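J.: no sequence on this one, just coordinates:
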């Protein structure tokens, strides 16, 4: 792992921190330790597949509780089961295809897991109380039996006392839920689609329309176990939207978006919320479902034309809005004029003088209005200027008396009252230097306030309720969409929000942490928890660039330049100014926070520098992608983030530990790699890098992800004696898409987890990426050598012509193999015919598999062929086979590599070579003509009247004739064709073969060539 020296600002390598040392929460640590104990000590063979369960949507999947539980009143799911207790399904990578047949419909496989888990019916009092709570918050589903099962599994887990949560029965229930999770994960990794089809009673086909609801319930249960039951370090796979089949997801999201439009909800605000949730668009249906319960109050007026990426009101100049009235002037114009004519005046000169004296900018709420001493308690107002609570079209310092009285009354009565108010409408000086100082320190005014009072007309008119809808209203409000209010919210220690009182009369002020945010996912709806997590994340200090982006990217400002200032203030950058260039502010923010998640590097745009420091960074901070908030890990988020983040040095160098896969020649030949950007400079940069494909690598956080990844080039190992583990130095090229995948849906590539540094100074040459990842230490020497290559005759699949190579041990270099071609000539004038091996080898292969050529015109790579992808397997005798995946270049040291096949990858083409079997090469008493022959014959091409020399294989097939098969050839008589057949003479073997029965014009003159005797 990497860290940054606080004194020098440079990156250094720190010692590895074990999982136990990194887990701060004691309950989470205890669960982790007990899980490891049971995993290591309880046998879990899972070697017998489950029987398929036919589905009746109404029938229960629960088992009948044991008699002991019926008489004692105990929770039966707390009792040790007589059958196998589950623990293995919790483990990452649990193979659900071993216990349920992948050919079954998804729902039947899920039903089989549920039935085999033996989750019992229960009448225990506490369990029933939990069940009743969950019945009110878990969404409805057509498959009532599954909904009952998952609610029962979670409700009984919730009833476990703290000490019982360390036992095997607890982990059994957790395993049952986890197995459902891993079943969905299997479909994701194999890229197999599924829907709501199932096999019902008697084999009758059935289907449900809301399979999305089934997946949502599985996710809900995983979140509850992770957050409520301290399973966060055990269940370590966060859900993303691609867990849900695209057809299922699209149908659910389209329905939710359509419903949102009918409800009058701004689509831009709704999608901005989804962009920072863990499952992104997959969380939209839950949000809209809860919003539908309060359609009138959650409606956004004048947002009918808004779209997912555009809100028509974000560009409104809020400084030109009439100031708001809180009196009858809101509806009666005459009263508004009367109120406006009696405006209160807060003299800005007093603010200017206070700043000079190093005083504050807080006003008293009582007349005469004066600047309060710096240490006096006060309340800060956070509001939306577009509501009319700013200066608007009025004069600086003037405020409608009804508006000020409205705020002053609330401030004077809440929590025993307070005498001071900080409100930017009246608290910003006018003198240039004082104003600049006040704006630079404005966020500190919210941090120093006793509490921040939030005013948004959308929320003021929203009636308070205990169902979580006020939290939804908050995340959909204009207040949360603005950049400055986001800064104010984050900096505030305590936040209170003004709502309409239940029943529609008066106001009620609710505390954000105590009353608005949900505390536990097991006691609230999914939508309530999603909205709470979005807001809760804003309450935490920002320590990561990706966190900063997730907070600010969905926000808008009236002026684009404000976004960079807000980001700098949130990051804690000192002395930032509107005069600073965007690139300078961006680098200052990155330098200050110095931690960033991998997805934020996938910007696909031009970088600040071509080489060296910051050569991976775009000039504008907001060009970097935001990272969605994760609510799955709960207390383990700190543990996970330490392994997912990159560290940025003061010099612009970035370091981390992610997965790399070297490219192959086929990636370039078959045009698999494409830049995500269409800008000519980026496209040219990617194409130029791919010309030297050997040095290129794909870089991912998750090798199973099929989305954008980084294209980087290898520059060798980091040259630093103090660094352990051989980290590599890489160069940023760009963000790309990989447009190829294996037949199974998973990538054919082998990814290597490796530490790296990127953006280092200097101009190091690129190196072969494949050489960066050394072979495993467990590998036997016989697999590291090339002993399988020499003493064989190899034939290549060159189009038409074929290729003939003889492999011998190289005399000059131990362990090397020389590949020789055959020289053949037939002079029709002198009637001399000669052939033999070329003295100088065409290619030399080292013991490490490196290929050198006498021509040195192009690089050639030897690639092994992996027989584990042959069908039928090589262990089964079979006359014919096919390679499902013909090659895995990164698997070149696998134990199942062929010793009779290899490939030579040239710059533009790959040729496959096969070794001829010894049985067909050696003649015998019964087969005297069997083997390889060199044949001289007239060319069949009219404009090429000379003799041609080819290599022919005579192979006895057991019939009356012997075929002559071309090993080498040309267009009219290509390799692999049968050139002639002749009958075997019974008596005189010295007279040679009989005349050919076909192609008599060839008039072949055959000379025997004993390959093993000569080679």
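T.: Arrived safely. For clarity, every value in this text was computed on a predicted model and none was experimentally measured.
J.: now for this structure, the helix or strand with the poorest mean pLDDT.
T.: Lowest mean confidence among the helices and strands of the chain (mean pLDDT, DSSP states H and E): helix 1011-1014, at a mean of 30.
J.: thought residue 369 was touching residue 363?
T.: Yes - between residue 369 and residue 363 a contact is recorded at 5.4 Å, counting by Cβ atoms under 8 Å. Bear in mind the C-beta positions are built from the backbone N, C-alpha and C, glycine included.
J.: which one of these two is surrounded by more residues?
T.: Taking residue 369 and residue 363 together and counting by other Cβ atoms under 10 Å, residue 363 has the greater number of neighbours (23 against 19).
J.: if we can go back for a sec, name the residues contacting each of residue 369 and residue 363.
T.: Shared between the contact lists of residue 369 and residue 363 (criterion: Cβ atoms under 8 Å, 6 or more residues apart in numbering) are residues residue 346.
J.: part of a helix, is residue 389?
T.: No - Residue 389: not assigned to a helix; according to DSSP: H, G, I helix; E, B strand; the rest coil it is coil.
J.: measure how buried it is and give me the count.
T.: Burial measure for residue 389: 27 neighbouring residues, criterion other Cβ under 10 Å.
J.: residues in contact with it?
T.: Contacts here follow Cβ under 8 Å, 6+ apart; on that basis residue 389 touches 323, 324, 381, 383, 403, 425, 455.
J.: look up how far residue 925 lies from it.
T.: As defined by Cβ to Cβ, to the nearest Å, residue 389 lies at a distance of 107 Å from residue 925.
J.: now swap in residue 468 and tell me
T.: For residue 468 relative to residue 925 (Cβ to Cβ), the value is 91 Å.
J.: residue 172 versus the closest residue to residue 323 other than its chain neighbours, what's the distance?
T.: Closest residue in space to residue 323, ignoring its immediate chain neighbours: residue 392 at 4.3 Å, by Cβ to Cβ, 6 or more residues apart in numbering. For residue 392, the distance to residue 172 equals 64 Å [Cβ to Cβ].
J.: same deal with residue 150?
T.: Relative to residue 172, residue 150 is positioned 15 Å away (criterion: Cβ to Cβ).
J.: pLDDT score assigned to residue 631?
T.: Taken from the predicted model, the pLDDT recorded for residue 631 is 50.
J.: just the helices from the stretch 451-600 of the chain, written as ranges.
T.: Under the criterion DSSP state H, counting those that start in this stretch, helices of the stretch 451-600 of the chain are mapped to 457-460, 469-475, 478-481, 483-491, 526-538, 545-552, 560-571, 582-593.
J.: ok, now the stretch 751-900 of the chain?
T.: Listed in chain order, the helices found in the stretch 751-900 of the chain under DSSP H, counting those that start in this stretch are 781-784.
J.: mind listing what's buried in stretch 711-731?
T.: Residues of stretch 711-731 classed as buried under the neighbour-count rule (16 or more other Cβ atoms under 10 Å) are 711-716, 718, 723, 727-731.
J.: what about those residues, which are in strands?
T.: The members of those that map onto strands under DSSP state E are 711, 712, 713, 714, 715, 716, 728, 729, 730, 731.
J.: residue 165: which of the helices of the stretch 451-600 of the chain is closest?
T.: Residue 165 sits nearest to helix 526-538 of all the helices of the stretch 451-600 of the chain, at 20.9 Å, using Cβ to Cβ.
J.: can you mark which positions in that closest one are buried?
T.: 526-538.
J.: so which of the residues you listed comes closest to residue 809?
T.: Within those, the smallest distance to residue 809 is 65.1 Å, found for residue 537 (Cβ to Cβ).
J.: report pLDDT for the closest one.
T.: Reading off the confidence values, residue 537 has pLDDT 82.
J.: cool, the one 10 residues further on as well?
T.: According to the predicted model, the pLDDT of residue 547 comes to 86.
J.: how about the one 3 residues further on?
T.: In this model, residue 550 is scored at 84, pLDDT.
J.: try the one 4 residues further on
T.: At residue 554, the predicted lDDT confidence score is 78.
J.: leaving out the residues flanking it, which one is nearest to it?
T.: residue 272 (3.5 Å).
J.: shouldn't that neighbour be within a strand?
T.: No - going by three-state DSSP, the assignment for residue 272 is helix, not a strand.
J.: what about it, distance to residue 624?
T.: As it turns out, when the distance is counted by Cβ to Cβ, residue 272 lies 17 Å from residue 624.
J.: same question, residue 287
T.: Taking Cβ to Cβ as the measure, residue 287 falls 25 Å from residue 624.
J.: likewise residue 719?
T.: Residue 719 is 29 Å from residue 624, by Cβ to Cβ.
J.: how about low-confidence regions in the stretch 301-450 of the chain?
T.: 315-319, 329-331 (pLDDT under 70).
J.: okay, helices next: where are they in it?
T.: Secondary structure of the stretch 301-450 of the chain (DSSP H, counting those that start in this stretch): helices located at 333-341, 348-356, 401-413, 424-427, 432-440, 442-447.
J.: repeat that for the stretch 51-200 of the chain.
T.: In chain order, the stretch 51-200 of the chain shows helices spanning 67-72, 106-116, 125-135, 144-159, 168-189, with DSSP H, counting those that start in this stretch as the criterion.
J.: walk me through the domains of the chain.
T.: As recorded under the TED database, the domains making up the chain are 42-237, 603-771, 780-875+898-916, 918-988+995-1014.
J.: pLDDT averaged over stretch 287-294 - what is it?
T.: 89.
J.: might one say that residue 379 is in contact with residue 421?
T.: Yes - using Cβ under 8 Å, residue 379 makes contact with residue 421 at a distance of 5.9 Å.
J.: shared neighbours of these two, anything?
T.: Overlap between the neighbourhoods of residue 379 and residue 421 consists of residue 411, taking contacts as Cβ under 8 Å, 6+ apart.
J.: what sits up against the strand or helix carrying residue 290?
T.: Residue 290 is part of helix 284-291, with elements assigned from DSSP states H and E. Taking contacts as Cβ under 8 Å, 6+ apart, the residues outside helix 284-291 that touch it are 139, 212, 216, 252-253, 255-257, 259-260, 263, 265, 270-271, 273-274, 298, 467-469, 472, 476, 525-528, 530-531.
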